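[1] show me the folded form of this:
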Amino acid sequence: MSPHILLIMTFSLFMGTLITISSSHWLLAWMDLEITFAILPLMTQKYHPRAMEATTKYFLVQTAAATMLLFASISNAWLTGQWEIQQMNHPIPLTMITIALALKLGLAPMHAWFPEIIQDLTLTTGLILSTWQKLAPFSLILQLPNDNSSLLIIFGLLSILMGGWGGLNQTQLQKILGYFSVAHLGWMVLVMQFMPPLAFLAFMTYIILTFSMFFTFLFIQSTTINMISTAWPKNPIISAMTPLTLLSLGGLPPLIGFLPKWMILLELTNQGLMLAATMAALSALLSLYFYLRLSYAMTLTTSPNNLPATHPWQINFFQPTMPLAISTAMALCLLPLSPTILALFPL
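    Coordinates of the predicted model:
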């Protein structure tokens, strides 16, 4: 791809998301969500039939969600005379828009497209799809009225359950990262209607952990569980640090992934949602299982020392390591700073 085209597409993707975040009118928000389709040329950089198929799937899913959002916003304007995002008062358009935004985010039960698409993309494009592309629909859900909390709780619990359940029998790392994204989005949506700053804190933590895992797999050039068993000869330090990042993803103390889950469970308990908090905590054990499975494959298994196995050990040392170092350090060492982090959010 030409550098000028790449710059234009990246700028369009960046500006479309920022304008969506700052908009308060449904028509403007819909138009800016369409601008974020600038990721489509980035998805087809690896000119391969599977990449083209993933791009087509993504285009169809996002178009269906955008059409539903436009129809629901027009229906709300027809019924109530309001185009403002925070004036979505009629229950039927509100439910339709919530479903459309859940489809854009990849929340269960509308999540099946996300792991399939991310599997056929490069790790860099998959990272953009898992982080930056989630920001615009996430900000729109944050602005919705609190009249559909039951629907969001159902979506959140289903996402945590299906994100853990779907990743159990996967061997492809990108699909596992896709299901981990579904599960973490479920935690955010679960508390979004009760304490939006806490949902935003969980989203920031999710971005840090996602950056760390994607850059790790990109650096060791691994796409399957069998390939990460050769990570120790490539780089022993990364092989020792990655299991800690995976445990942070699982939400175990004393790592930063523990902070948002503990705060979300505390808030759900304060809201009297004991059953929802219990189901979320138990469903998180499914995700913890395949995080431990990845940790076992990376640190406690040794690849056979023969000629076909030595080729994957060759690593490209010209890759930038600063993003990996910063994201991994933040994923492992931020929990002692949690009082300072919480002071930045009006919790």
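[2] for burial, what's the neighbour tally of W165?
    15 (other Cβ atoms under 10 Å). Any C-beta I mention is one placed from the backbone N, CA and C, and that applies to glycine too.
[3] name the element it belongs to?
    Assigned by DSSP states H and E, W165 belongs to helix 149-166.
[4] so for that helix, mean pLDDT?
    Averaging pLDDT along helix 149-166 gives 90.
[5] figure out how far it is from the centre of its chain.
    Its chain's average C-alpha position is 14 Å from that of helix 149-166, according to Cα atoms, centre = their mean, to the nearest Å.
[6] what lies in contact with that helix?
    By Cβ atoms under 8 Å, 6 or more residues apart in numbering, the surrounding residues in contact with helix 149-166 are 95, 98, 102, 107-109, 111, 115, 141, 179-194, 273, 276, 279-280, 283-290.
[7] show me what counts as buried in it.
    151-164, 166 (16 or more other Cβ atoms under 10 Å).
[8] related to what we said a few turns ago, strands - which of the contacts of helix 149-166 land there?
    Members of the contacts of helix 149-166 lying in strands (criterion: DSSP state E): none.
[9] enumerate every residue touching L101.
    L101 touches A65, L69, P137, L140, I141, counting by Cβ under 8 Å, 6+ apart.
[10] what sits closest to the second one if chain neighbours are left out?
    What that stands for is L69. Nearest non-adjacent residue to L69, counting by Cβ to Cβ, 6 or more residues apart in numbering: A100, 4.1 Å away.
[11] quick one: the one you found from I85, how far?
    Separation of A100 from I85 (Cβ to Cβ, to the nearest Å): 13 Å.
[12] ok, those two, which is more surrounded?
    Neighbour tally, A100 and I85, criterion other Cβ under 10 Å: the higher count belongs to A100, 25 against 21.
[13] residues contacting S23?
    Contacts of S23 by Cβ under 8 Å, 6+ apart are A29, D32, I85.
[14] just send those residues back as a markdown table, with secondary structure too.
    Below are the contacts of S23 laid out as a markdown table (DSSP: H, G, I helix; E, B strand; the rest coil):
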| residue | secondary structure |
| --- | --- |
| A29 | helix |
| D32 | helix |
| I85 | helix |
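[15] what is the nearest of these to N235?
    D32 (40.8 Å; Cβ to Cβ).
[16] how about the contacts made by the spatially most central residue of the chain?
    By Cα atoms, centre = their mean, the chain has its centre lying nearest to S181, at 3.7 Å. By Cβ under 8 Å, 6+ apart, S181 lies in contact with G106, F114, I118, S130, K134, G163, Y206, T210.
[17] identify, from those residues, the entry nearest to I21.
    Ranked by distance to I21 (Cβ to Cβ), those are led by K134 at 11.9 Å.
[18] tell me the spacing between the closest one and T17.
    Distance of K134 to T17, computed by Cβ to Cβ: 10 Å.
[19] what does I35 give?
    Distance from I35 to T17, counting by Cβ to Cβ: 8 Å.
[20] what stretches of the stretch 1-150 of the chain score poorly on pLDDT?
    1 (pLDDT under 70).
[21] mind listing the helices for it?
    Secondary structure of the stretch 1-150 of the chain by DSSP state H, counting those that start in this stretch: the helices cover 3-22, 26-35, 39-43, 49-80, 91-105, 113-119, 123-130, 132-143, 149-166.
[22] in the shortest one, which residues are buried?
    Along helix 39-43, these residues count as buried under the neighbour rule (16+ other Cβ under 10 Å): I39, P41, L42, M43.
[23] what's near enough to touch M68?
    So M68 contacts M96, I97, I99, A100, L103 (Cβ under 8 Å, 6+ apart).
[24] again with V182
    G106, L107, A108, H111, F114, P115, S159, M162, G163, G166.
[25] many thanks, have a good one.
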